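Engineer: Give me coordinates for this.
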Amino acid sequence: AGAMLSIFPLFSASAVPVRLRIALAGFISLLVMPTLGAPPVDPTHETLLSLTGLLLREVAIGLLMGWLCRLLSFTMALAGHFIASQIGLQLGGMIAPGEEQPTETVGIILQMLAIMLLVTMDMHYALLIGFQQSYHVLPVGAGMLSELLFDDVTLIAGRTFLIAVKIAAPIIAVGIVVNLLLCMLARAVPQMNVFMESFGIRLLIGTMLLGSVFNLAAHEIATHLNQLPSDFINLVRLLAGG
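Structural biologist: Numbering: from 1, shown residues only. Model prediction:
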């Protein structure tokens, strides 16, 4: 639980105290522990080296689960970068929630939209249930790497990257058309400083299209969030060798 929360959206932010993350991880562990029954591994019969290996394995599994939840946040930042570079807002960077480096304003808005949808759709409850069920599918001490696991991780990453392209596609398409028209205008009217005029034109058109982009983003985010619990459990099954 602690490893998953360390990179989970919102809780991974530097503004969140480490003690709060540890306390929350301990609280989740206390909630999950009574539902698991007897542990498959007896610590009294294990050596220090084997217990260290077991701990590292559980941390790696938790980080993989947290990465699956965090992937959408990275995708929204990427979509915001695509959009901001087209409408001229890439220089207006701010610190996004959960990130340590400046992110474009559009990316921050998309990340906040994703977090709001995650909460309003009760996906945080679904993820907690998936975390609890993961111990039944993948007991403590189990877990193995396989080619199917790498294929599934690659598929999820590619599908999530495609969401960023879909969200930014309308702005990118309009940006290409606007650039072509400005090139034609520069050839037709050489005296006009098209380069300076293009900033205002691209910003105006891009801002007008942002409303429809946010509607598209909400649909894509909701679709991804509905798929997230099944991806979560499927990833655990593949770790269990199923």
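Engineer: Against V236, how distant is L5?
Structural biologist: L5 sits 17 Å away from V236, going by C-beta to C-beta, to the nearest Å. (C-beta placed from N, C-alpha, C; glycine too.)
Engineer: so for stretch 171-186, what's the average pLDDT?
Structural biologist: Mean per-residue pLDDT for stretch 171-186: 84.
Engineer: Pull the distance from that stretch to the chain's centre.
Structural biologist: In terms of C-alpha atoms, centre = their mean, to the nearest Å, the centre of stretch 171-186 is set 31 Å apart from its chain centre.
Engineer: so where's the protein uncertain?
Structural biologist: The chain contains residues with pLDDT under 70 at 1-3, 6, 9-15, 37-46, 90-103, 140-145, 241-242.
Engineer: Apply 90 and report the result again.
Structural biologist: Low-confidence segments of the chain (pLDDT under 90): 1-161, 168-242.
Engineer: host element of the residue of it positioned farthest from its centre?
Structural biologist: Ranking residues of the chain by C-alpha distance from their mean position (C-alpha atoms, centre = their mean) puts Q191 at the top, at 46.8 Å. Taking DSSP states H and E as the definition, one finds Q191 inside no helix or strand.
Engineer: which of the residues in stretch 193-210 are buried?
Structural biologist: For stretch 193-210, the neighbour count (16 or more other C-beta atoms under 10 Å) marks 194, 198, 201-202, 205-206, 209-210 as buried.
Engineer: Closest one of these to L138?
Structural biologist: Relative to L138, the closest of those is L210; by C-beta to C-beta it sits at 42.1 Å.
Engineer: Over to that closest one. Which of the three states is it?
Structural biologist: Secondary structure, DSSP: H, G, I helix; E, B strand; the rest coil: L210 is helix.
Engineer: Surely it is in contact with T105?
Structural biologist: No. L210 is not in contact with T105 according to C-beta atoms under 8 Å; the separation is 10.6 Å.
Engineer: quick one: common contacting residues for those two?
Structural biologist: Common contact partners of L210 and T105 (C-beta atoms under 8 Å, 6 or more residues apart in numbering): none.
Engineer: hang on, the earlier thing: could you list which residues are in contact with the residue farthest from the centre of the chain?
Structural biologist: Q191 sits next to no residue when contact means C-beta under 8 Å, 6+ apart.
Engineer: now swap in G88 and tell me
Structural biologist: The neighbours of G88, taking C-beta under 8 Å, 6+ apart as the test, are 199, 202-203, 206.
Engineer: Apply 7 Å and report the result again.
Structural biologist: 199, 202-203 (C-beta atoms under 7 Å, 6 or more residues apart in numbering).
Engineer: now A60
Structural biologist: Not one residue lies near A60 by C-beta under 7 Å, 6+ apart.
Engineer: where along this structure do the helices fall?
Structural biologist: Taking DSSP state H as the criterion, the chain contains helices spanning 2-6, 18-32, 48-87, 105-120, 123-137, 147-188, 194-239.
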